[in-house]
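Asker: 3D, please:
(chains A and B)
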Amino acid sequence: MNCTEVRENLDSLIDSELDASTRINVLAHIEACAGCRIEYENLRTVSKSVKRNAVIETPKALDPRILAAMNTALEEKKEAAKRDRPGLFVFGRLAFGGALLALLIVGGLAFQLGRLSAEPAEVSVRPGSRDAYLTDDRAPATKIIEVPIVEEKIVRVPQIKERIVTRTVFRCGEDPGENETASISGDVPLQSYVRDGEYLTRADLEGFQPVSEMKLNIMRRDEE
Amino acid sequence: MRIEPDRLLIDSAIRGDADACGEIYLLLKDSIYSFAVRMTNDTAVAEEITQDVFVFFVQNGDRFDPDKGSLFSFLCGVARNKILNHLTRSGTRLERSETEPGDLNGTDGSPVGSPLNLLLGKEFSEVLEEGITALSALQREALLLREMEELSYKEISEITETEVSVIKGRIHRARKALAVSLAPYLKDSRTNAYELHRS
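Answerer: As a prediction, the model looks like this:
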């Protein structure tokens, strides 16, 4: 390598952009050539100096201003997304109420017990049993109306140790009394039946309002 | 040294997490702001550009493609467009020819590294600042992205949509111009100046 070739590669050497063999050749030349060595050292000094001096800290007063502008832009973006997807937005707002509507119209509490593969077992869901009742771990003081499952049939289903079903819990009136659970549950017209291999209970929930989504535990008979 | 936000943080910010957006701002603000100040030589304009860049990220973060480079590179590209718009509006020339002597002159027209400047007591960093300011915009851009952010030639070429060989040439000319400006402060400056002019 001659001086011209070496000097064309000095910046790449400083910036670690040379392949290994070229790097060795350039370094070997620099070692032997005082002129190229001086140019290399000075360019490297320039590089380090710029590196050291280049970064300027953002003024502190700028942070709240920019963060506020970012938050505003974020909110506007979310609002725009809602406007652009009105169907989805409405669905999201009404999803909870929709659960009630679905119950009233379709009239069923569907437990998909028949599709999980395993050895079959008999599962019984009894009216009034705590095992079949809705529980609310998040708000135990909430007065809820438990929609009971009526034991009318023994359904043959695959073995399931515990089946969690998310469903809607209903409350009647503004402030149901302590004993209202039982009385109202008794007042709820229920009809249980099997359709397409699924155990369904139809509940007439007119006058009830959804209060939250709960989890329903159905226990196997042999675990009772 | 800039810390590049990790992928999880970036994804959260793109999904609209305000905390993640704020964290990304804190990680990258100095780099973007420094780049804008150095390129425009105007702190007020640099503040506006910095704000615009991060608001752009909030609004259009889903355009970021990690397969095409880092988030900083993406934001730097945004900043660059805004900077070039500003420079164009203000009538700044982006590039000088290699032979144009203006590259080596200070803002007052006198040679930055001349004895006059030394007699005026300019400190090394001040001379350096003037030297950086005196570079053409495109040379300064390439040099700053390399020195400040330690981006590779390839990354710089992607941000600036320019060939790698052109980027290499701009960095080389920028360093040579600064070396001449700083010659009185460098070792063997007389030899160095001679060597640099001769090469």
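
Asker: Pull the residues that contact the host helix or strand of residue A:79.
Answerer: For residue A:79, the element it lies in under DSSP states H and E is helix A:62-84. Residues outside helix A:62-84 that contact it (CB atoms under 8 Å, 6 or more residues apart in numbering or on different chains): A:89, B:16, B:18, B:21-22, B:25-26, B:29, B:33, B:47, B:50-51, B:54-55, B:57-59. Yep, even glycine has a C-beta here, placed from its N, CA and C like the rest.

Asker: elements contacting the longest helix along chain B?
Answerer: With secondary structure taken from DSSP state H, chain B has its longest helix at helix B:18-40. Judged by 3 or more CB pairs under 8 Å, 6 or more residues apart in numbering or on different chains; DSSP states H and E, helix B:18-40 is in contact with helix A:62-84, helix B:7-14, helix B:43-60, helix B:71-89, helix B:137-147.

Asker: can you give me the angle it makes with helix B:43-60?
Answerer: Using axes from the mean of the first three to the mean of the last three CA atoms, to 10 degrees, one finds that helix B:18-40 and helix B:43-60 are set 140 degrees apart in direction.

Asker: angle of helix B:18-40 against helix A:62-84?
Answerer: Orientation check (the same axes, to 10 degrees): helix B:18-40 against helix A:62-84 gives 120 degrees.

Asker: and among the helices and strands packed on helix B:18-40, the most buried is which?
Answerer: The highest average neighbour count among the helices and strands packed on helix B:18-40, using mean count of other CB atoms under 10 Å in any protein chain shown, belongs to helix B:137-147 at a mean of 25.

Asker: what's the neighbour count on residue 24?
Answerer: Here I'm looking at chain A. 11 (other CB atoms under 10 Å in any protein chain shown).

Asker: Not quite, go with chain B.
Answerer: Neighbouring residues of residue B:24 were enumerated by other CB under 10 Å; the total is 26.

Asker: ok, now residue B:163?
Answerer: Residues lying near residue B:163 (other CB under 10 Å) number 11.

Asker: ok, it - contacts?
Answerer: Counting by CB under 8 Å, 6+ apart, residue B:163 has contacts residue B:157.

Asker: Ramachandran angles for it?
Answerer: When read as degrees, to the nearest 10, the backbone of residue B:163 gives phi -60, psi 150.

Asker: returning to that earlier point: so which of the helices and strands packed on helix B:18-40 gets nearest residue A:41?
Answerer: The closest of the helices and strands packed on helix B:18-40 to residue A:41 is helix B:137-147. By CB to CB, the value is 16.6 Å.

Asker: Next, the residues that contact that closest one from outside, please.
Answerer: A:15, A:47, A:50-51, A:54, B:34-35, B:38-39, B:76, B:80, B:84, B:87, B:92-95, B:103, B:132-133, B:135, B:151, B:153, B:155-156, B:159-160, B:167, B:170-171, B:173-175, B:177.

Asker: one step back: check the offset of the longest helix of chain B from the chain's centre.
Answerer: Distance of helix B:18-40 from its chain centroid, counting by CA atoms, centre = their mean, to the nearest Å, is 14 Å.

Asker: avg pLDDT for that helix?
Answerer: Mean pLDDT, computed over helix B:18-40, is 91.

Asker: Buried residues of it, list them for me.
Answerer: Neighbour-count burial for helix B:18-40 flags B:20-25, B:27-40 (criterion: 16 or more other CB atoms under 10 Å in any protein chain shown).

Asker: any weak-confidence spans in chain B?
Answerer: Counting by pLDDT under 70, chain B contains low-confidence residues at B:1-2, B:93-123, B:187-199.

Asker: how is it carved up into domains?
Answerer: Chain B is divided into the following domains under automatic domain parsing: B:7-89, B:101-198.

Asker: ok, now which ones touch the residue nearest to residue B:74 when sequence neighbours are not counted?
Answerer: In space, and not counting its chain neighbours, residue B:74 is closest to residue B:64: 4.8 Å by CB to CB, 6 or more residues apart in numbering or on different chains. Counting by CB under 8 Å, 6+ apart, residue B:64 touches B:10, B:14, B:57, B:71, B:74.

Asker: and of the residues you listed, the nearest to chain A?
Answerer: Chain A lies nearest to residue B:57 out of the contacts of residue B:64, by CB to the nearest CB, at 8.0 Å.
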